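Undergrad: no FASTA, just this:
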């Protein structure tokens, strides 16, 4: 998986845009703007332009609408194949670097939250926890699928009053070596 694609995944706004384009196979800036009302039009177009330049997305169609051209976007590379390739080829060092970038996104969100004038840790709906468990790969895979199923309905929630964007991450640490 290339570095520019990883940058999209660790940027909350780019990640939402990329996943929406990927999920729908193709979409327009107008459709993205309607879906993500909390993203300003300037930011939306800036990120689309950046993802185009970085060869993450491509324009697959241009429609003329009242004197303007509406671009239809699609994901340029096969994210699934890129992810499999990364897992098969990357070293443990690259894996740790990727995890560090992932954690930096959450650290920044918590740091930015801590700097806010008005915050209420309980009422704002954030938190974290750790549950050490004994499980085999099949059990881990099953619980991961169940968590994804629980979160799926939230993924398509539109922005509206009373809703705020939350980043929900799932980390499954590598198994510990048994002590002898």
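TA: Here it is on my side, so go on. Keep in mind the model is a prediction, meaning the values are calculated, not measured.
Undergrad: Tell me where this protein has helices.
TA: For the chain, applying DSSP state H gives helices covering 3-10, 12-24, 29-35, 41-53, 79-89, 92-115, 137-155.
Undergrad: For residue 65, find the nearest of those.
TA: helix 29-35 (9.2 Å; CB to CB). Where C-beta positions appear, they are placed from N, C-alpha and C, glycine not excepted.
Undergrad: hmm, who's touching the closest one?
TA: For helix 29-35, contacts defined as CB atoms under 8 Å, 6 or more residues apart in numbering pick out 17, 20-21, 24, 39, 41, 44-45, 48, 70-71, 73, 158-159.
Undergrad: From the residues you listed, pick the one nearest residue 62.
TA: residue 71 (5.7 Å).
Undergrad: and that closest one, how many residues sit next to it?
TA: 17 (other CB atoms under 10 Å).
Undergrad: Next one: it, what pLDDT does it get?
TA: pLDDT recorded at residue 71 is 94.
Undergrad: Can I get the helices of the chain in CSV including mean neighbour count?
TA: Below are these laid out as CSV (neighbours: other CB atoms under 10 Å):
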stretch, mean neighbour count
helix 3-10, 16
helix 12-24, 18
helix 29-35, 15
helix 41-53, 15
helix 79-89, 12
helix 92-115, 12
helix 137-155, 11
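Undergrad: hang on, the earlier thing: please identify which of the contacts of helix 29-35 is nearest to residue 127.
TA: residue 159 (22.2 Å).
Undergrad: Quick one: residues contacting that closest one.
TA: 35-38, 165.
Undergrad: Of those, which pair is most distant in space?
TA: For these, and using CB to CB, no pair is farther apart than 35 and 165, which are 12.4 Å apart.
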